[in-house]
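Colleague: How does the following fold in three dimensions:
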Amino acid sequence: MSGFLPISKEDMSAAGIGQLDFVYITGDAYVDHPSFGHAVISRVLQAHGYQTGIIAQPDWKDPDSVTILGRPRLGFLVTAGNMDSMVNHYSVSKKRRGTDAYTPGGEMGKRPDYATVVYCRLIRRAYGQIPIIIGGIEASLRRLGHYDYWSDKVRRSILLESEADLLSYGMGERSIVEIADALHAGIAVSDITFINGTVFRTKDQELASFDAIQLPSYDQIRLDKTAYAKSFYMQYCNTDPFSGKRLYETYKGGVYVVQNPAARPLSQMEMDDVYQLPYMRTYHPSYEAAGGVPAIREVKFSLVSSRGCFGGCNFCALTFHQGRIIQSRSHDSILSEARLLIQEPDFKGYIHDVGGPTANFRHPACKKQLTKGACTDRQCLFPTPCKNLNADHTDYLELLKKLRSLEGVKKVFIRSGIRYDYLIYEKDRQFLRELCTHHVSGQLKIAPEHISDTVLQKMGKPPAQIYEKFVQAYEKMNLKIGKEQYLVPYLMSSHPGSGLKEAIALAEFLRDMGYVPQQVQDFYPTPSTISTCMYYTGLDPRTMEPVYTAVSPHEKAMQRALIQYRNPKNYDLVKEALVRAGRTDLIGDGKKCLIGSRNYAKLREDKRTERVHRQNEKKTKQKRTGRDTHRQTRGKKRK
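Modeller: Next up, the predicted model:
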């Protein structure tokens with residue numbers, strides 16, 4: 001079936017649908033593209049014979065807004081959208097963002113805070129007892145008791161807060177079909193307790209504890225940070241679909257929240273099936289008047305090659321959502337989608353990305369992961385690469401070569417991130433050569449994140465020497481092929497483990513490198529990451545050892561300012577940080593100094609102001625000269 005899914009009763013009538021099986025409520029605008037979770041889940045259900053309609057961004061102040069498609073036969077599906085609604089709304093400094101890329105015209109304010117919870121309560125007010133299944137990134141990462149940065153407290157499982165019946169975590173294609181089949185077979189939603197990739201609630205202790213690991217109770221993790229860290233690490237060690245155990249968490253009133261093991265990864269054929277469904281590949285035409293949905297721009301001419309990540313960065317929630325086992329699409333599937341892109345009227349010949357969470361991960365880290373899962377007691381790349389690691393880019397290189405050879409394709413970019421440590425472990429340099437020759441346009445963005453090994457260890461990132469080794473290899477390769485191309489490193493301030501000493505070390509590295517970063521990412525404590533656990537508890541959950549963490553806004557501001565120490569506006573913060581750390585040797589006019597004396601800083605600012613003034617005068621003069629020339633020409637024509 002082609003065409004957009006129903007968003008109104010009129011659409012239902014036109015499609016000959018009297019009653020939908022599911023109504024899907026999402027905090028994003030309706031974009032029928034495989035990069036949007038609501039589109040994937042709805043199309044998968046459609047492929048299995050279930051009719052689904054979309055209510056995008058309903059008015060959360062009006063219960064009637066969730067009734068526009070009528071009562072569904074099997075239940076409601078609810079998601080906050082492609083992002084956690086709080087991350088979508090607020091910066092790390094908890095300031096309200098100005099735009100929302102997932103809303104028509106980029107307008108902010110079309111979804112509520114804690115959107116999953118609010119939407120579910122609307123449904124309960126409108127329909128009472130009807131099956132509600134929640135999913136998406138917000139539900140997935142808040143499925144058990146979790147620290148919430150914005151309220152600065154440990155919140156209950158979102159399953160309880162939302163009053164939903166069932167939670168589908170992870171990518172959801174497997175579990176949603178099993179849930180739909182169970183409901184269609186007449187099984188009560190309260191009895192759907194057997195599906196992998198789901199979380200349910202019960203008052204039956206025997207059911208909750210059967211073949212399961214008991215986590216510390218909600219009251220324990222709410223009151224005791226040590227208990228929270230232990231609970232979190234137990235969850236972290238049970239995210240694998242092969243080795244993960246059932247978990248349960250106890251709440252007051254004899255309520256148990258039970259997490260079943262993760263759903264098994266999709267096979268390549270199953271991945272291909274998901275991506276060949278009849279997506280419209282754009283936003284709903286009703287958004288055209290508002291200027292469309294900005295988020296489509298980043299993905300419209302990009303190709304998803306894989307999902308999952310065995311990189312294991314501690315500040316990333318992928319382990320809890322997509323998992324560590326790589327699942328990839330076939331070359332034929334990706335090439336078929338590329339041909340669809342080429343046919344788009346506004347395609348200019350450039351494929352913007354071919355990748356996933358990590359572009360150069362196209363297969364599992366080792367052969368055993370597909371049958372035994374990822375190791376629970378070690379990472380694939382950290383702190384050193386596993387002896388079983390298969391660092392091989394052959395398949396990815398073949399795919400890129402095929403895409404480059406398609407008629408109508410001028411260039412294929414890689415924007416979704418390269419793991420430089422994985423690249424550097426490959427025996428030859430063939431991928432690096434191809435990358436520099438064909439897939440970089442002047443600059444390659446990579447993410448060393450920091451340069452202090454103390455901080456990198458807490459991040460789960462390779463030591464600084466690996467980054468330095470890659471820099472040398474990259475420069476050498478560009479020299480060899482005769483190209484002038486640069487590296488743009490992403491850096492993070494205030495990550496757990498980083499004090500002023502480590503922040504200053506990073507500033508000195510940037511000074512010696514001669515690099516002036518335009519943007520800095522301050523560590524953002526999002527739900528369900530090891531780093532967020534460190535931030536909240538002050539403990540490394542892997543070892544239970546104390547971790548220094550900058551939590552005061554002022555110290556975080558100082559660490560951020562040190563990375564951009566050349567900006568005159570940061571002078572006072574940088575000076576304060578250097579004085580506090582006993583590094584006044586870095587204040588002065590010497591070559592190794594980060595900042596000068598106050599008079600020197602003022603002189604530098606005055607020179608900058610004078611330069612800007614001269615540039616403005618020059619522009620004004622050019623405009624005036626242009627106007628005078630135009631007048632003279634017009635006068636000659638009149639004569």
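
Colleague: And the residue nearest to N390 when sequence neighbours are not counted, what's its pLDDT?
Modeller: Using Cβ to Cβ, 6 or more residues apart in numbering and skipping the chain neighbours, the partner closest in space to N390 is C366 (5.7 Å). Where you see a C-beta, it was placed from the backbone N, CA and C, and this is true even at glycine. Among the per-residue scores, C366 shows a pLDDT of 93.

Colleague: Tell me, how many residues neighbour C366?
Modeller: 17 (other Cβ atoms under 10 Å).

Colleague: Looks to me like it is in a helix.
Modeller: No: counting by DSSP: H, G, I helix; E, B strand; the rest coil, C366 is located in no helix; its state is coil.

Colleague: how much space between it and A391?
Modeller: 10 Å (Cβ to Cβ, to the nearest Å).

Colleague: what does R560 give?
Modeller: Counting by Cβ to Cβ - R560 and A391 are separated by 34 Å.

Colleague: higher neighbour count, those two?
Modeller: Of the pair R560 and A391, R560 is the one with more neighbours under other Cβ under 10 Å, namely 23 against 18.

Colleague: mind pulling up the phi and psi values for that one?
Modeller: phi -70, psi -40 (degrees, to the nearest 10).

Colleague: Report the buried residues of the helix or strand harbouring Q559.
Modeller: Secondary-structure assignment from DSSP states H and E places Q559 in helix 553-563. For helix 553-563, a neighbour-count test (16 or more other Cβ atoms under 10 Å) marks E555, K556, A557, M558, Q559, R560, A561, L562, I563 as buried.

Colleague: do the same with stretch 262-278
Modeller: So, applying 16+ other Cβ under 10 Å, buried residues of stretch 262-278: A262, A263, R264, P265, L266, M271, D272, D273, V274, Y275, Q276, L277.

Colleague: So which residues of the stretch 1-150 of the chain form helices?
Modeller: 9-14, 37-47, 85-89, 115-127, 136-141 (DSSP state H, counting those that start in this stretch).

Colleague: got it, and the stretch 451-600 of the chain?
Modeller: Under DSSP H, counting those that start in this stretch, the stretch 451-600 of the chain gives helices at 453-459, 464-481, 500-513, 530-537, 553-563, 571-580, 598-638.

Colleague: what's the least confident stretch among the ones you listed?
Modeller: Across the helices of the stretch 451-600 of the chain, helix 598-638 gives the lowest mean pLDDT, at a mean of 58.

Colleague: number of nearby residues for the residue nearest to T371 when sequence neighbours are not counted?
Modeller: Nearest residue to T371, sequence neighbours excluded (Cβ to Cβ, 6+ apart): F242, at 7.4 Å. Neighbours of F242 under the rule other Cβ under 10 Å: 16.

Colleague: Isn't F242 up against K368?
Modeller: No: using Cβ atoms under 8 Å, F242 is not in contact with K368; the gap is 9.6 Å.

Colleague: What lies in contact with stretch 8-15?
Modeller: G3, F4, L5, P6, G18, L20, G53, I68, L69, G70 (Cβ atoms under 8 Å, 6 or more residues apart in numbering).

Colleague: Just name the closest of the residues you listed to C316, please.
Modeller: L5 (31.4 Å; Cβ to Cβ).

Colleague: which of the buried residues of helix 553-563 lies closest to A295?
Modeller: R560 (26.7 Å).

Colleague: give the contact list for that closest one.
Modeller: S493, S494, V520, D522.

Colleague: Minimum pLDDT in those, which residue is that?
Modeller: The lowest pLDDT within the contacts of R560 belongs to V520, with 85.

Colleague: ok, it touching S494?
Modeller: No: counting by Cβ under 8 Å, no contact exists between V520 and S494, whose distance comes to 9.7 Å.

Colleague: Neighbour count for those two, which is higher?
Modeller: Set V520 next to S494 and count neighbours by other Cβ under 10 Å: S494 wins out with 29 against 16.

Colleague: so how far is P463 from the more buried one?
Modeller: 20 Å.

Colleague: Over to R201. Which of the three states is it?
Modeller: strand.

Colleague: Let me see the backbone angles for the nearest residue to E337 once chain neighbours are set aside.
Modeller: Using Cβ to Cβ, 6+ apart and skipping the chain neighbours, the partner closest in space to E337 is L303 (5.9 Å). Backbone torsions for L303, taken as degrees, to the nearest 10, come to phi -120, psi 130.

Colleague: For L403, see how far away L303 is.
Modeller: Distance from L303 to L403, by Cβ to Cβ: 8 Å.

Colleague: Same check on Y396?
Modeller: 11 Å.

Colleague: Neighbour count: the two, which is higher?
Modeller: Legend: neighbour count by other Cβ under 10 Å for Y396 and L403, higher for Y396 (23 against 20).

Colleague: so how many other residues sit close to R97?
Modeller: R97 has 12 nearby residues by other Cβ under 10 Å.

Colleague: Strands along the stretch 51-200 of the chain, start to end?
Modeller: 52-56, 75-79, 132-134, 146-148, 153-155, 166-168, 198-202 (DSSP state E, counting those that start in this stretch).

Colleague: tell me which residues of the last one are tucked away?
Modeller: Across strand 198-202, burial judged by 16+ other Cβ under 10 Å covers T198, V199, F200, R201, T202.

Colleague: dump the residue contacts of the spatially closest residue to the second one that is not a sequence neighbour.
Modeller: To tie it back to what came earlier, the one meant is V199. Residue nearest to V199 in three dimensions, not counting chain neighbours: L167, with 4.0 Å by Cβ to Cβ, 6+ apart. By Cβ under 8 Å, 6+ apart, the contact set of L167 is I133, I134, G135, A139, S140, R143, S157, I158, L159, T198, V199, F200.
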